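>>> just need the structure, nothing else, for what follows:
(6 chains)
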Protein chains: 6
Amino acid sequence: MADNTLMVVSAHAGDFVWRAGGAIAAATMRGERAVVVCLSYGERGESASQWLAGKGLDEIKAIRRAEAEAAASALGAEIEFLDQGDYPLVESREAVAQLVDVYRRVQPSVVLTHPLADPYNGDHPAAARMALEARVLAQAIGVANADGSFPTKDEIIGAPSVYFFEPHQPEQSDFKPNVLLDITAAFPRKRAAMECLPAQKHMWSYYTDLAVRRGVQVKRNAGPNLGLPHETMGEAYVRYYPQVTGVLE
Amino acid sequence: MADNTLMVVSAHAGDFVWRAGGAIAAATMRGERAVVVCLSYGERGESASQWLAGKGLDEIKAIRRAEAEAAASALGAEIEFLDQGDYPLVESREAVAQLVDVYRRVQPSVVLTHPLADPYNGDHPAAARMALEARVLAQAIGVANADGSFPTKDEIIGAPSVYFFEPHQPEQSDFKPNVLLDITAAFPRKRAAMECLPAQKHMWSYYTDLAVRRGVQVKRNAGPNLGLPHETMGEAYVRYYPQVTGVLE
Amino acid sequence: MADNTLMVVSAHAGDFVWRAGGAIAAATMRGERAVVVCLSYGERGESASQWLAGKGLDEIKAIRRAEAEAAASALGAEIEFLDQGDYPLVESREAVAQLVDVYRRVQPSVVLTHPLADPYNGDHPAAARMALEARVLAQAIGVANADGSFPTKDEIIGAPSVYFFEPHQPEQSDFKPNVLLDITAAFPRKRAAMECLPAQKHMWSYYTDLAVRRGVQVKRNAGPNLGLPHETMGEAYVRYYPQVTGVLE
Amino acid sequence: MADNTLMVVSAHAGDFVWRAGGAIAAATMRGERAVVVCLSYGERGESASQWLAGKGLDEIKAIRRAEAEAAASALGAEIEFLDQGDYPLVESREAVAQLVDVYRRVQPSVVLTHPLADPYNGDHPAAARMALEARVLAQAIGVANADGSFPTKDEIIGAPSVYFFEPHQPEQSDFKPNVLLDITAAFPRKRAAMECLPAQKHMWSYYTDLAVRRGVQVKRNAGPNLGLPHETMGEAYVRYYPQVTGVLE
Amino acid sequence: MADNTLMVVSAHAGDFVWRAGGAIAAATMRGERAVVVCLSYGERGESASQWLAGKGLDEIKAIRRAEAEAAASALGAEIEFLDQGDYPLVESREAVAQLVDVYRRVQPSVVLTHPLADPYNGDHPAAARMALEARVLAQAIGVANADGSFPTKDEIIGAPSVYFFEPHQPEQSDFKPNVLLDITAAFPRKRAAMECLPAQKHMWSYYTDLAVRRGVQVKRNAGPNLGLPHETMGEAYVRYYPQVTGVLE
Amino acid sequence: MADNTLMVVSAHAGDFVWRAGGAIAAATMRGERAVVVCLSYGERGESASQWLAGKGLDEIKAIRRAEAEAAASALGAEIEFLDQGDYPLVESREAVAQLVDVYRRVQPSVVLTHPLADPYNGDHPAAARMALEARVLAQAIGVANADGSFPTKDEIIGAPSVYFFEPHQPEQSDFKPNVLLDITAAFPRKRAAMECLPAQKHMWSYYTDLAVRRGVQVKRNAGPNLGLPHETMGEAYVRYYPQVTGVLE
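Numbering: from 1, shown residues only, chains lettered A, B, ... in the order given. A predicted model of the protein is given here:
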């Protein structure tokens, strides 16, 4: 079993930055390992400006990959690409098996992924469904490893926590946060990671404003003893499985 | 501002034992203060055997009070009684004002109460609505103290967390736990508190079995590193406001 | 304990006819007792034509009462009026106490009332809330009778089933039927009862059409062996508490 | 019957500015009438800085009233105050009767008010429940006018549309917008109205940012032919009753 | 970009008539274009009488096609058939790609399809999921056209509104209408279209009654100034994405 | 058409015992036929101890099959195995066609299967979706039999009732029972069937405790005349389609 390790399953190459960059940077700043898995590059659905500029499919995938690698690096995270295609991201046995393999190699204690509903982008729930399915399969000693061998007791995973990160239109996606994460200290790294994605420059201020907004909610919902700074920045999450704890606080 | 302090708002004299005894004992075993507020003695709705035995109203209230004091003592908690009557517990401005007063005296960091729906017992949601309303009022500097004075900055409270404890028929009460509390170490004190309520002896084993059942779920939902003992005991809660945290785990 | 007895709690004098007339007639045709309790006459909110005709409050109440008595008679049911006023029907301790008294006198095995949501008419949910609260209070030996005496064991009630009948705009009232009642044989009596309400003549065909519509659903949802007639008539209900049974069928 | 007239029912003196200022200004800029009804001044719950400054209750109410009058004026709206008290705003027959009177005088075609859930502020749902109840009562010819007379046919109202405006923490209040209002042209007036509320200066930028955020959603959800400007500003609403229309568009 | 154009995605050949015939006729009577896409002929699941009469698969498909063409003609609409099979209608990449092609050719401003839940007929949600997925894909410049070319800026579509039409058992399908369409003027054409489907003659009166029922709700929910005729006919819809508007009315 | 016949669709070889053993035994004790269909043996996901013991896939499947046959025999039920694999159980046209064949052979009046949500085990909802889809297909005369012939009128099925049995973590699976089944008389056979599954010995007491717990709810929700014994045992179910009945009771 590993120490705390964060695994992020992202449908497209940029999602992990906008939606979970603060959580990732906070983890790596604590010295924890963070691994991002991009199921696709977002080459068809989230690269309009490059298609308009006349670029071809392979070129666009390479650009998106390089940007995502730079952003992951700014966050202190490792990154892997499964290149499963987008628009649509098709759920397949093969993609799930690859994710099982990542789970077993990474042994995450926490998993972040998209929420299960998004009426604006079907790739996001598809990624979440595969991330959840692979998490259950990776726990089973009867489910073979990627090379066909059966896992030993050491290779199967435990029951990592799962958090859904915030979709673009939260209310329309039935996203009701039950965890508000204070990312004040981590925000400069999140901003740096956002700036690795130049084609979506208009999103930099949008997601900075969102961090302020979620930061206001962090303060509003905090317990009486927290004494948070004025410029608290936040990210919103939905924990999928119940929290297990020894202390109500 | 106080250190961690637990406040429990209970509709009837026995509710806090069956539903939150583990959380209370766990808090006092950590050296924290716990204060139970009983809105009524449960004298009409939860004392059938005493009515059948021909006892009168005042006598029944005295018996229930003594039992609840003994149970609170077994849990290491303080206890107050507001004597607002039950079946029905009527929501009133006066009862809410008394609760505001308790909040300001106790300065809780965590509040436990009934969930907002219970198709089998309307007193439970009534207690929860008053507990929630008083919590908001107690935060406002413009809301007078019980003696008519206006609070100073020291008297108002912060924003304590709120957890709903488990109703008798959880699914029918739309109770979907999002927090599972490990009460293994505290369970002997919970059992001792239950045994202070002799008229409901058939509930002792029922709520022991429930603790086993919730303990199985504690283990099933725990993260990979917890290594919980075989005989884990649990209590289930619904956190009402989002959790504020600096770490996803 | 009585044999099967049906009790219907109706906010206004006409509701029980349109919404539950088939269930009432079916019960009395089986030889069972049915008791309708009207919390108000619907004198303000459902008597527009009489106000337009210049009638006064007492006169309107008398007209509505006579019509409701005739309709109850057509259904074979007894009827009581609590005269609590409408528009709004105000929830009060006194009205609930009167309902407790009715429950204890009638000893119903089944209770029909309005659903808990109706964005078009707040009297309906108010009636339902009082009917449900009184049902719980009437079960408790510690809750006094109307004359101040405490109930003996014979006076308290058991746990009668509760069904919500259909509101005027079911989808807007979150009314999702889980019971479809075949009222084919009882429909002529329901129609006769509707015709006792001449001021709402346009409703006769509306609720006949509705019975046809629900009858189509009765047939569509029936098990394979029922062989229902072509002209099946129906009423839709929501059972509030779980069904207890010895047979899944 | 009047031409289009907007009526806004606000729990506290400032709510209508932050949450519906754009809709109000847009209406008055089209030459329509807008009437704001403040159930309280927000004197206890939303005037912390004035209490801290040592001001008394009457003084605070006067300040809040003057600010709200200035803000209404900036929006081109009329304003009335019912002075029902806040923290808590108590639901009462008398307050509802006053609202019935306003409905009948104003004859609104559209009503804006708070949503029915807000776990952070119970006054908001209380205001909404009273606004909805009074709207139904004002339609009934059997419900007396404020002076005890019965309404003539001209005094009762029709069935004005109802929209809930945005609460402070929309997801926690189960607020899922189904209408996005373009307030780009009206925004300068909304901003001017916000600046009439100097004690809540930190809210000016917060609600300007929110208008940008909702504006992004206006553009994202707009049909293909709208050609909206880059700096679209928006407000989010929940329509409570179904839209009636002759055209799907 | 086109003027207003209505596109209807129908699982089987008859669905568009019963469920959306009024909206289609209303559009074409305003001079707008309407295009119906039938994913299947309903040859297996909705042609029981023809199977009983001993007809073969190809013959049944031809009959259903001819009937649907006649009905579309009566409504003034164009019609296309994708012949994807029914019972079950299988979701496939190929069917979605064909729908993308239709979207790009038709450039709809409004899309009508089945709701996402129907416990009685899985083909309906399958059609809706494909209609929604294709709508998103057709917006992306990186998603190829049917001939493998990449779309130019002119070929991609905007963000047409989406409405779900009424399923056979609305409450069981969690269908809560938020739009009520007045189809009074268009109803004769809808009736004429229904009469093009002789095998389902018992549905003619069923869906005429439903139009009356929904018409009653149109009147009940209409604003005060509409002055609707007595015999208003209606259809019910659920708008899936938020309405974008400049006026609350 | 057959007399009452129960059909149980189980994802893995053991599910029918823990979750529906009481209903099955109660049916066979009444002399009715019960047929269990196991979609897989649970060979990968629910056989950890055997994998740890070094057994191979075929051996594990044989063991699980033998255990399930013994358990079915103890319940008086027939059993079939479709061997579709588990972890994951993949939804396929072929598996659905096999289920259609079983439905037509068995002609069930009642169907039991898993609920549609289970965040801990995706095989369970997959089994439920296939069971529901096949039930609809089996009703259609245009859907071919397994041998390619078209069904005669005798081969298609009616509309059997569907009940979901209880998942391992009911609240997390949004399982809100609406039917509580008294299995007191059948429980000894259920216990005997459980004891046919020696690898899951720790579950014997867990599911015995659950039967006690559901039995308490049976008594709590029973009507006033039932006079149930003290040691009532129960199972909880969700009826998926509305109940059709001639009597409200």
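>>> okay, now the unreliable bits of chain A?
In the predicted model, chain A carries pLDDT under 70 at residues A:1-2, A:223-230.
>>> now do 90
Along chain A, segments meeting pLDDT under 90 span A:1-3, A:146-154, A:199-202, A:222-231.
>>> which residues of it lie near chain F?
Residues of chain A that fall close to chain F, judged by CB under 8 Å from any CB of the partner chain: A:93, A:96, A:132-133, A:136-137, A:140-143, A:150, A:153, A:240-242. Placement of C-beta: from N, CA and C, glycine included.
>>> 6 Å - rerun?
A:133, A:137, A:140-143 (CB under 6 Å from any CB of the partner chain).
>>> show me the residues you listed that map onto helices.
A:133, A:137 (DSSP state H).
>>> show me which pair in the residues of chain A next to chain F is furthest apart.
Spatial extent of the residues of chain A next to chain F (CB to CB) is set by the pair A:133 and A:141 at 16.9 Å.
>>> which one of the residues of chain A next to chain F is nearest residue D:126?
residue A:133 (45.1 Å).
>>> so how far is residue C:127 from residue A:201?
Relative to residue C:127, residue A:201 is positioned 59 Å away (CB to CB, to the nearest Å).
>>> between these two, point out the one with more neighbours.
residue C:127 (29 against 11; other CB atoms under 10 Å in any protein chain shown).
>>> check whether the helix or strand containing that one contacts chain D.
Per DSSP states H and E, residue C:127 falls inside helix C:123-138. No. For helix C:123-138, no contact with chain D is found by CB under 6 Å from any CB; the gap never falls below 9.0 Å.
>>> can you give me the helices in chain A?
All helices of chain A, identified by DSSP H, fall at A:15-29, A:48-52, A:57-75, A:93-106, A:123-137, A:187-194, A:201-221.
>>> quick one: the ones you listed as a markdown table, columns for distance to residue D:17 too.
A markdown table is the format used below for the helices of chain A (distance: least, CB to CB, whole Å):
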| stretch | distance to residue D:17 |
| --- | --- |
| helix A:15-29 | 31 |
| helix A:48-52 | 38 |
| helix A:57-75 | 40 |
| helix A:93-106 | 49 |
| helix A:123-137 | 36 |
| helix A:187-194 | 30 |
| helix A:201-221 | 18 |
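>>> and these, which is most packed in?
helix A:15-29 (a mean of 26; mean count of other CB atoms under 10 Å in any protein chain shown).
>>> show me how far it is from its chain's centre.
Computed by CA atoms, centre = their mean, to the nearest Å, the chain-centroid distance of helix A:15-29 equals 8 Å.
>>> which strands or helices does it pack on?
Packed against helix A:15-29 by the contact rule (3 or more CB pairs under 6 Å, 6 or more residues apart in numbering or on different chains; DSSP states H and E) you find strand A:5-10, strand A:33-38, helix A:57-75, helix A:187-194.
>>> contact partners of the longest one?
Contacts made with helix A:57-75 from outside it, assessed by CB atoms under 6 Å, 6 or more residues apart in numbering or on different chains, are listed as A:13, A:17, A:21, A:24-25, A:36, A:41-43, A:47, A:50, A:79, A:189, A:192-193, A:196-197.
>>> still on that earlier bit, so what does the helix holding residue C:127 touch, helix or strand wise?
helix C:93-106.
>>> residue A:167: neighbouring residues, count only.
The tally of other residues near residue A:167 (other CB under 10 Å) stands at 22.
>>> find the nearest non-adjacent residue to it, please.
residue A:173 (4.2 Å; CB to CB, 6 or more residues apart in numbering or on different chains).
>>> make JSON lines out of the helices and strands packed on helix A:15-29 and add distance to residue B:89.
Putting the helices and strands packed on helix A:15-29 into JSON lines (distance: least, CB to CB, whole Å) gives the following:
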{"stretch": "strand A:5-10", "distance to residue B:89": "46"}
{"stretch": "strand A:33-38", "distance to residue B:89": "50"}
{"stretch": "helix A:57-75", "distance to residue B:89": "52"}
{"stretch": "helix A:187-194", "distance to residue B:89": "47"}
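>>> among the residues of chain A next to chain F, which one sits closest to residue C:121?
Looking at the residues of chain A next to chain F and their distance to residue C:121, the nearest is residue A:133, at 46.4 Å (CB to CB).
>>> which residues touch that closest one?
By CB under 6 Å, 6+ apart, the contact set of residue A:133 is A:96, F:122.
>>> against residue E:199, how distant is it?
43 Å.
>>> residue A:213: what's its closest spatial neighbour, skipping adjacent residues?
What sits nearest to residue A:213 in space, not counting adjacent residues and going by CB to CB, 6+ apart, is residue D:209, at 6.9 Å.
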